[in-house]
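Asks: sequence first, predicted coordinates after that:
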Amino acid sequence: MKDICVLGSTGSIGTQTLDIAAAYPDSLRVEAMSCGRNTELFREQLRRFKPRLAAAALEEDALELSREFPDIQFYSGIDGISRMARESESSIVVNSLLGMIGIRPTYEALLAGKDIAFANKETLVAAGEIIMSAVKEKGAAFLPVDSEHSAIFQCLQGAAGNPVRKLILTASGGPFRGYSQGQLESVSPAQALRHPNWSMGAKITIDSATMMNKGLEIIEASWLFGIPAEDIEVVVHPQSAVHSAVEFMDGAVIAQIGSPDMKIPIAYALSYPKRLPEAGRPFSFTELGSMTFEKPDHETFRCLALAYEAIARGGSCPAVMNAANEAAVAAFLSERIGFTDIPRIVESCMDADPCEAADSIDAILEKERLTRERAERIIEEAGR
Ligand code: MG
């Protein structure tokens, strides 16, 4: 029996994590969970899973819930969520928080000796160096939930210490694969939210449409697997059957293949090194029939090039890129800017930043705040 702490339980990864916990009650028990604003769903989850600890983003929500659930100990705010992760008795913390707020809880849970299953990309994108040195120092298991990184992690299980030549990250190409720059100018949030294969939250779906999602994943993979970004190749694979691959020194490539079902990587992170029976949808080669692969269009989908640029500049640059992207995506979703303004805003913020060393979580979060302010100013100007 493994106790788990689920941060961001009402999101796409969070709800699927709880579904897995419910399906394997003899292996997994939800000891702690946190929500953002969706207290309605959170209430249902609290009733169903009866955790010992719970947290809400807003203090008034936590207060109200604590009256309804007197047996549960409540925390609030990002500090409270971090404290809950630290104080929980769970051996593993599933971080499916959205955005840069996920960084501190991961860091504090690591320092408290927990293993981490992470779906929060920003943790490694913005604070890769600090997080990976804490992972090493604590000897923690740091398990990826993201399908591509889980795929690479699975491929590496057979590496037996052999060096890797290259990581191959697959990308579906999103809803606008094959579009020209001109066609992208006028796409709406509703069009961008229609992902062909994966069902995910709004932010990551927009990131898939701009291909920033893949950019974030390059940076994430570089930190997680210790591979320089130039040895990470992105391949567009519209069927999303090959979830990523590893090329070894002898030229052999090992790929992980399966249905596009997030329950498989979530379950693997929760039960590693074991696999849970029937965790996800089975895969059929013959039903799929064929798989195709193509090179990404770096010129039209500028975000990919920006991500390689950000990791090459180093220091705080990936954190700046990510914060600018978060602000720009939110502005696009609320129809304040157009789709092609997203990479423009990200690039302006990257160019305006000196990309100095970012050696503490506080320094990174401060950089995030400053970048958001800068991005907001650019967004306002663009709206005029
Ligand atoms: Mg992914």
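Replies: Yes, it's here.
Asks: phi, psi of the closest residue in space to Tyr179 that isn't next to it in sequence?
Replies: Nearest non-adjacent residue to Tyr179, counting by C-beta to C-beta, 6 or more residues apart in numbering: Thr300, 6.8 Å away. C-beta: built from backbone N, CA, C; applies to glycine. Main-chain torsions, Thr300, degrees, to the nearest 10: phi -70, psi -40.
Asks: and Thr286, that's in a helix?
Replies: Yes: checked against DSSP: H, G, I helix; E, B strand; the rest coil, Thr286 lies within a helix.
Asks: ok, it - how many residues close by?
Replies: Using other C-beta atoms under 10 Å, the number of residues around Thr286 comes to 5.
Asks: next one: Gly99
Replies: Gly99 has 20 nearby residues by other C-beta under 10 Å.
Asks: Arg83 too?
Replies: Arg83 - counted by other C-beta under 10 Å - has 18 other residues nearby.
Asks: so how far is the ion from it?
Replies: Applying C-beta to the ion, to the nearest Å, the value for Arg83 to the ion is 29 Å.
Asks: ok, back up a step: surely the residue nearest to Tyr179 touches Leu184?
Replies: Yes: Thr300 is in contact with Leu184 according to C-beta atoms under 8 Å; the separation is 6.7 Å.
Asks: pLDDT weak spots in the stretch 51-200 of the chain?
Replies: 198-199 (pLDDT under 70).
Asks: just give me how far the helix or strand harbouring Ala319 sits from the chain centre.
Replies: Per DSSP states H and E, Ala319 falls inside helix 317-333. How far helix 317-333 lies from its chain's middle: 14 Å, per C-alpha atoms, centre = their mean, to the nearest Å.
Asks: now it: mean pLDDT?
Replies: The pLDDT scores in helix 317-333 average 96.
Asks: now stretch 260-278
Replies: Stretch 260-278 comes out at a mean pLDDT of 96.
Asks: what does the pLDDT read for the closest residue to the ion within the stretch 201-350 of the chain?
Replies: At 5.6 Å from the ion, Glu217 is the closest residue in the stretch 201-350 of the chain, using C-beta to the ion. Here the pLDDT value assigned to Glu217 is 97.
Asks: helix/strand/coil for it?
Replies: helix.
Asks: quick check, it in contact with Pro144.
Replies: No: using C-beta under 8 Å, Glu217 is not in contact with Pro144, being 9.8 Å away.
Asks: who's more crowded, these two?
Replies: The neighbour count for Glu217 versus Pro144, taken as other C-beta under 10 Å, is higher for Glu217 (29 against 26).
Asks: can you name the residues that contact that one?
Replies: Contact analysis of Glu217 by C-beta atoms under 8 Å, 6 or more residues apart in numbering lists Lys121, Asp146, Glu148, His149, Leu169.
Asks: go again with 7 Å.
Replies: Residues near Glu217 by C-beta atoms under 7 Å, 6 or more residues apart in numbering: Asp146, Glu148, Leu169.
Asks: for Ala55, same thing?
Replies: Ser34, Ala62, Phe74, Tyr75, Ser76, Gly80, Ile81, Met84.
Asks: sitting in helices, which of these do you find?
Replies: Using DSSP state H, the subset of the contacts of Ala55 located in helices is Ala62, Gly80, Ile81, Met84.
Asks: how deep is the third one tucked in, by neighbour count?
Replies: Spelled out, that is Ile81. Neighbour tally, Ile81, other C-beta under 10 Å: 28.
Asks: verify the contact between it and Cys5 for me.
Replies: No: Ile81 lies out of contact with Cys5 (C-beta atoms under 7 Å); the separation is 9.9 Å.
Asks: hey, C-alpha coordinates of the longest helix seen in the chain in PDB?
Replies: Longest helix in the chain by number of residues (criterion: DSSP H): helix 361-383. The C-alpha trace of helix 361-383 is given here as PDB (Å, rounded to 0.1, in the frame of the first residue of the first chain):
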ATOM      1  CA  ILE A 361      13.700  29.300  -6.100                       C
ATOM      2  CA  ASP A 362      13.000  32.900  -4.800                       C
ATOM      3  CA  ALA A 363      15.100  34.400  -7.600                       C
ATOM      4  CA  ILE A 364      13.300  32.400 -10.200                       C
ATOM      5  CA  LEU A 365       9.900  33.300  -8.800                       C
ATOM      6  CA  GLU A 366      10.900  37.000  -8.700                       C
ATOM      7  CA  LYS A 367      12.000  36.700 -12.300                       C
ATOM      8  CA  GLU A 368       8.600  35.200 -13.100                       C
ATOM      9  CA  ARG A 369       6.800  38.100 -11.500                       C
ATOM     10  CA  LEU A 370       8.900  40.700 -13.400                       C
ATOM     11  CA  THR A 371       8.400  38.900 -16.700                       C
ATOM     12  CA  ARG A 372       4.600  38.700 -16.200                       C
ATOM     13  CA  GLU A 373       4.500  42.500 -15.600                       C
ATOM     14  CA  ARG A 374       6.600  43.000 -18.800                       C
ATOM     15  CA  ALA A 375       4.400  40.600 -20.800                       C
ATOM     16  CA  GLU A 376       1.200  42.400 -19.500                       C
ATOM     17  CA  ARG A 377       2.600  45.800 -20.700                       C
ATOM     18  CA  ILE A 378       3.300  44.300 -24.200                       C
ATOM     19  CA  ILE A 379      -0.200  42.700 -24.200                       C
ATOM     20  CA  GLU A 380      -1.900  46.000 -23.300                       C
ATOM     21  CA  GLU A 381       0.100  47.800 -26.000                       C
ATOM     22  CA  ALA A 382      -0.900  45.100 -28.600                       C
ATOM     23  CA  GLY A 383      -4.500  45.500 -27.600                       C
END
